[in-house]
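Peer 1: Have a look at this prediction, sequence included:
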Amino acid sequence: MASPRQYLAIDLGSSTLKLGLFQQSEPGQLTFLDYSLRDLGLDPNKEQDRFPFLLETLQGMLGEKNCAGLPVFCAISGQFVFTRFVKLPPVGAGQIDQMIGFEAQQNVPFPINEVVWDYQLLGGKNASDMEAVIVAVKADLVEVANRLFQATKLGLQKVDVAPLALVNAYKYNYTNTNDCHLIIDIGAKSTNLVFIEGTKLFCRSVPIGGHLISQNISNEFQEPYVAAELLKKGKGFVGLGGVYADPDDRDAAQISKITRSVFSRLHAEVSRSMSFYRNQQGGGAVQKVLLAGGSATMQYADLFFREKLNVPVEYFNPLKNLNLGAGLDREKLANEAYLLGEVIGLGLRQLDNAPVEIDLVPRSVREARAEKAQLPYLAAAVLALLLTFTVIVGINYRRIGEMEGALEKRSQEHGTLSALSDQIVKADETFREDLKKVQFIKRVKEQRDFWPELLHGVYTATSKFPAFWITKLELAYTPPGGMEGRSVQEIPKDLPKPPPAPTGSVKPSAGKKSANQAPAVPARPNQPLNLAPKGTDVYIYGFHEASQPDSALNDYVVELEKTGLFEDKGVVIQQRLSATPDDIAVKFSIRATLKESKQVDLLP
């Protein structure tokens with residue numbers, strides 16, 4: 001009997017890190033030993049580098065469970081992954097890889113050399129049907145995961161995606177049915193919809209999750225996001241609607257309506273996906289819904305979907321057929337089982353017969369494995385090379401004298417080349433000076449042309465909205481990875497004072513009258529200086545007539561994006577005031593991020 005082998009399964013969610021500890025004692029015999037769930041502490045309203053939060057959280061979990069240095073299977077959130085299902089014509093087995101490679105190049109919305117991708121063949125209803133799921137993720141995202149596990153001394157084995165890990169967990173535990181089941185995995189920022197019907201499979205990720213509920217609560221109650229999250233967890237439930245009475249607690253009643261509104265949007269996406277699955281994918285009608293994910297804990301969530309979809313609804317249980325370790329808290333596990341679908345699916349990848357075997361390990365890991373596999377051949381090659389080198393040295397020993405003579409000749413040539421090198425260095429210095437002048441002229445031209453082009457673009461967009469007028473444009477600079485841009489006219493408090501102006505009178509030049517000379521310009525120490533290296537953002541301030549609908553400002557943002565001056569999705573409404581009956585006009589402000597090619601260099 002082989003010694004038990006322990007390993008980890010880690011789900012890198014958008015806001016939660018989930019860890020599971022597994023042990024395989026014999027082939028096909030798997031035991032779930034322990035698990036841990038922790039919030040990453042990320043603010044979903046800010047663009048933050050996830051790596052420090054992931055590293056700190058994972059180090060704490062490994063220390064708590066005392067499981068450092070183990071192999072690890074990893075899953076990436078579905079919102080970061082591109083998934084496409086394609087139907088293939090009947091071809092020979094030797095042509096499948098080539099055909100799917102072509103499909104990947106046609107469907108993946110990124111350059112194929114910038115992603116890590118894999119595919120899985122799926123069975124259809126008829127023997128002639130052949131379908132494949134293509135999964136791709138940006139290479140830098142999986143490299144971040146690899147760096148995380150290298151920093152914590154874990155050996156990365158495979159990289160899966162959360163929706164397909166759920167498929168493996170489902171197949172392992174729900175074995176006695178070929179009916180169409182739908183898993184609704186409601187996460188923080190997105191919801192995974194996974195259709196499973198016998199050997200048929202379809203999944204989709206929609207950008208609706210628990211974060212949207214908390215954000216709407218924050219906006220409604222004018223509370224910080226953290227406080228809104230606590231209100232959601234403390235008083236939130238899915239409003240029953242209809243003839244059901246509201247609770248006496250006004251806050252709870254309002255939160256329930258907000259939650260029901262978000263769940264209604266999610267229901268619309270579920271219904272659209274069900275129609276697509278039946279009409280475009282040839283699937284059957286959904287017979288049962290299985291709820292999973294952190295936001296599925298909202299009270300009455302199962303009742304909401306049961307009423308809306310008219311099918312049985314229950315919580316996903318990925319532990320039905322799994323051996324559980326003796327140290328697990330059964331009562332706690334029963335309350336949190338539906339949160340562990342991805343972790344259990346990852347743990348099952350250790351088995352040889354996993355239904356879906358997508359692997360998105362980064363290129364660096366693949367190359368390291370290939371190099372390790374080639375080590376025996378490399379050692380043999382080195383030995384053969386040493387033997388060959390020994391023979392060559394013996395044969396060519398007599399040629400050492402000839403080589404010494406050639407070396408002397410090369411030394412003389414080196415002296416000649418050194419003189420030429422000095423000339424090249426001087427020419428290079430002259431070239432660099434000329435290049436500085438050219439760059440200066442180019443920078444002056446860009447600074448000259450920037451404002452006319454910007455004003456023309458804003459005018460073109462504004463002219464389509466007679467009820468809008470602009471009162472102020474402000475150029476701002478946002479450093480890479482920094483906070484929102486500051487005006488390019490701001491000066492830090494510790495700016496050194498300008499040098500004192502020279503004293504004494506200025507005598508007129510010979511042959512000229514002093515009256516014709518221009519008077520000296522007085523120093524302006526309080527004049528703002530431009531200290532920003534370039535302008536990256538434009539703040540647009542203005543008004544529109546109070547009679548305009550709320551959508552008019554959104555349409556105006558779209559027109560600004562069409563000017564070609566700003567980044568896609570880079571035009572953001574900063575301030576939108578609501579009109580009162582007495583208002584004639586309503587103030588608004590917009591922050592627009594310039595395309596990199598349009599960002600003017602402000603350095604003198």
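Peer 2: Sure thing, it's come through. Residues are numbered from 1 along each chain as shown.

Peer 1: Now the helix or strand where V393 lies - C-alpha only, CSV.
Peer 2: Following DSSP states H and E, one finds V393 within helix 375-396. Taking Å, rounded to 0.1, in the frame of the first residue of the first chain, the C-alpha atoms of helix 375-396 are listed here in CSV:
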residue,chain,number,x,y,z
LEU,A,375,17.8,16.4,-17.7
PRO,A,376,18.8,12.7,-18.3
TYR,A,377,19.3,13.3,-22.0
LEU,A,378,21.2,16.5,-21.2
ALA,A,379,23.6,14.7,-18.8
ALA,A,380,24.3,12.1,-21.5
ALA,A,381,24.9,14.8,-24.1
VAL,A,382,27.3,16.6,-21.7
LEU,A,383,29.3,13.4,-21.2
ALA,A,384,29.6,12.8,-24.9
LEU,A,385,30.6,16.4,-25.3
LEU,A,386,33.4,16.1,-22.7
LEU,A,387,34.8,13.0,-24.4
THR,A,388,34.7,14.7,-27.8
PHE,A,389,36.4,17.8,-26.3
THR,A,390,39.2,15.7,-24.8
VAL,A,391,40.0,14.2,-28.2
ILE,A,392,39.9,17.5,-29.9
VAL,A,393,42.3,19.1,-27.4
GLY,A,394,44.8,16.3,-28.0
ILE,A,395,44.6,16.6,-31.7
ASN,A,396,44.9,20.4,-31.8
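
Peer 1: elements contacting the helix or strand following it?
Peer 2: Counting by DSSP H and E, the next helix or strand C-terminal to helix 375-396 is helix 400-462. Applying 3 or more C-beta pairs under 8 Å, 6 or more residues apart in numbering; DSSP states H and E, one finds that helix 400-462 contacts strand 468-477, strand 537-545, helix 550-562. C-beta coordinates here come from the backbone N, C-alpha and C atoms, glycine included.

Peer 1: TSV for these, including mean neighbour count?
Peer 2: Formatted as TSV, these follow (neighbours: other C-beta atoms under 10 Å):
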stretch	mean neighbour count
strand 468-477	16
strand 537-545	19
helix 550-562	15
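
Peer 1: Not counting sequence-adjacent ones, nearest residue to F566?
Peer 2: Nearest non-adjacent residue to F566, counting by C-beta to C-beta, 6 or more residues apart in numbering: A592, 4.6 Å away.

Peer 1: Could you pull up the residues touching the closest residue to N45 other than its chain neighbours?
Peer 2: Distances taken as C-beta to C-beta, 6+ apart put Y225 closest to N45, at 5.9 Å, once the chain neighbours are dropped. With contact taken as C-beta atoms under 8 Å, 6 or more residues apart in numbering, Y225 is in contact with 43-45, 214-215, 218.

Peer 1: Mind checking which of those residues are in helices?
Peer 2: Among those, the residues falling in helices (DSSP state H) are 214-215, 218.

Peer 1: of all the helices and strands packed on helix 400-462, which lies closest to I392?
Peer 2: Across these, I392 has its closest neighbour in strand 468-477 (62.5 Å, C-beta to C-beta).

Peer 1: re earlier: show me what the residue nearest to F566 is bridged to.
Peer 2: Beta-bridge pairing for A592 (DSSP bridges): V538, V571.

Peer 1: That one is in contact with D537, isn't it?
Peer 2: Yes - the pair A592 and D537 passes the contact test of C-beta atoms under 8 Å, sitting 6.6 Å apart.

Peer 1: picking up where we left off before, could the helices and strands packed on helix 400-462 go into TSV alongside mean pLDDT and distance to V343?
Peer 2: What follows is these, written out as TSV (pLDDT from 0 to 100; distance: least, C-beta to C-beta, whole Å):
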stretch	mean pLDDT	distance to V343
strand 468-477	90	44
strand 537-545	92	41
helix 550-562	90	41
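
Peer 1: what's the closest of the ones you listed to R399?
Peer 2: Closest among the helices and strands packed on helix 400-462, using C-beta to C-beta: strand 468-477, at 65.2 Å.

Peer 1: Next one: I540 relative to I590, how far apart?
Peer 2: Counting by C-beta to C-beta, to the nearest Å, the gap from I540 to I590 is 4 Å.

Peer 1: I meant R147, not that one.
Peer 2: Plainly put, R147 is 37 Å away from I590 if you go by C-beta to C-beta.

Peer 1: Tell me which of the two has more neighbours.
Peer 2: A direct count of neighbours by other C-beta atoms under 10 Å for R147 and I590 places I590 higher, at 22 against 15.

Peer 1: dump the residue contacts of the more buried one.
Peer 2: 539-540, 557, 560, 571-574.

Peer 1: Let me know the closest of those to G294.
Peer 2: The closest of these, once distances to G294 are taken by C-beta to C-beta, is V572, at 28.1 Å.

Peer 1: quick one: the closest one and F588 touch, right?
Peer 2: No - at 11.7 Å, V572 does not count as touching F588 under the criterion of C-beta under 8 Å.

Peer 1: out of these two, which sits in the more crowded spot?
Peer 2: Regarding V572 and F588, a neighbour count based on other C-beta under 10 Å identifies F588 as having more, with 20 against 14.

Peer 1: Next one, pLDDT for the residue nearest to F566 please.
Peer 2: A592 carries a pLDDT value of 90.

Peer 1: again with the one 5 residues further on
Peer 2: pLDDT, the model's per-residue confidence, is 85 for S597.

Peer 1: Quick check on it: phi, psi?
Peer 2: S597 adopts backbone torsions of phi -70, psi -20, taken as degrees, to the nearest 10.

Peer 1: So for Y170, which of the helices and strands packed on helix 400-462 sits nearest?
Peer 2: Of all the helices and strands packed on helix 400-462, the one in closest proximity to Y170, counting by C-beta to C-beta, is helix 550-562 (40.4 Å).

Peer 1: what angle separates the closest one from helix 400-462?
Peer 2: Between the axes of helix 550-562 and helix 400-462, defined by axes from the mean of the first three to the mean of the last three C-alpha atoms, to 10 degrees, the angle is 140 degrees.

Peer 1: Lowest-scoring secondary structure element of this structure by mean pLDDT?
Peer 2: Lowest by mean pLDDT, DSSP states H and E among the helices and strands of the chain is strand 486-487, with a mean of 60.

Peer 1: so where is this protein shaky, pLDDT-wise?
Peer 2: Scanning the chain for pLDDT under 70 picks out the ranges 1-4, 47, 123-129, 243, 394, 481-532, 603-604.

Peer 1: Assign a three-state SS to L19, would you?
Peer 2: Using DSSP: H, G, I helix; E, B strand; the rest coil, the structure places L19 in strand.

Peer 1: okay, now it: neighbour count?
Peer 2: Neighbour count of L19, defined by other C-beta under 10 Å: 22.

Peer 1: And for the one 3 residues further on?
Peer 2: Each residue near F22 was counted by other C-beta under 10 Å, and the total is 27.

Peer 1: ditto for Y35
Peer 2: If you count neighbours by other C-beta under 10 Å, Y35 ends up with 23.

Peer 1: Surely it is within a helix?
Peer 2: No - Y35 is assigned strand when assessed by three-state DSSP, not a helix.

Peer 1: In contact with it, which residues?
Peer 2: Y35 makes contact with 18-21, 328, 333, 340, 343 under the criterion C-beta under 8 Å, 6+ apart.

Peer 1: What are the boundaries of the helices in the stretch 101-250 of the chain?
Peer 2: Taking DSSP state H, counting those that start in this stretch as the criterion, the stretch 101-250 of the chain contains helices spanning 139-151, 162-173, 210-221, 225-235, 250-279.

Peer 1: Return the most buried member of these.
Peer 2: helix 162-173 (a mean of 26; mean count of other C-beta atoms under 10 Å).
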